[in-house]
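Peer 1: next come a sequence and a model predicted from it.
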Amino acid sequence: MQIFNLILTAIFLGASLWMGKKVINQRKLIDIAGKFLNGYRIFILFCLAASIMTLFLGFQDILDLIRSVAMMCMVAMFLLLKEGAGQSGFVYNGIHVPYETVAHYDIKTDAKHCVLYVVCREKVKDKVEESNFSIQFNKASEAALTELLKQKLPKKHQRMKKI
């Protein structure tokens, strides 16, 4: 059981460092942050609560404590990942999407927030792959987001159906 704890601790610590590096790098890329709380962040908060519970339940030796702390750090780092738009592109799920790959976009607004829908095309080997994503922003960010997109993607706005 000790070797299992050591392996899990190493995996969680490695993932924490990797996620921490992504958090630091992406903070520089985001000027307009997306809305923080969404479905997968609520799930991550649940995972953080569960990992905190493992700190108090079933803990037998110091390796269990170290593993639980490493697990909490990894989940917390994942929770710190943000989404948004910046001068060089979008950040979505910890991945930087440059403006050059954007085929077209659309913005849908309602009373509380605005949603940015983006379709990207990237050449991978001999074929072109198309992907899409959406980022929710607070209603207060709509004007700044619209201005940034008009500046960076002037001819790419196109009405789309919800992705």
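Peer 2: Thanks, I have it. Quick caveat, the model's predicted, so the values are computed rather than measured. Residues are numbered from 1 along each chain as shown.
Peer 1: for beta bridges, what are the partners of His113?
Peer 2: Beta-bridge pairing of His113 under DSSP bridges involves Asn138.
Peer 1: again, but for Tyr92
Peer 2: If you apply DSSP bridges, the partners that Tyr92 bridges to are Ile95.
Peer 1: pretty sure it sits against Asn132.
Peer 2: No: under the criterion of Cβ atoms under 8 Å, Tyr92 is not in contact with Asn132, lying 10.2 Å apart. For every residue, glycine as well, the C-beta is placed using N, CA and C.
Peer 1: more crowded one of the two?
Peer 2: Neighbour comparison, Tyr92 and Asn132: the larger count goes to Tyr92, with 22 against 13 (by other Cβ atoms under 10 Å).
Peer 1: what comes up buried for the helix or strand containing Lys28?
Peer 2: Per DSSP states H and E: Lys28 is located in helix 2-29. Neighbour-count burial for helix 2-29 flags Asn5, Leu8, Thr9, Phe12, Leu13, Ala15, Ser16, Met19, Lys22, Val23, Gln26, Leu29 (criterion: 16 or more other Cβ atoms under 10 Å).
Peer 1: show me the strands in this structure, by range?
Peer 2: With strands called from DSSP state E, the chain shows them at 32-33, 84-85, 89-92, 95-98, 102-109, 113-124, 127-138.
Peer 1: of all those, which lies closest to Lys150?
Peer 2: Nearest to Lys150 among the strands of the chain is strand 102-109; the distance by Cβ to Cβ comes to 10.8 Å.
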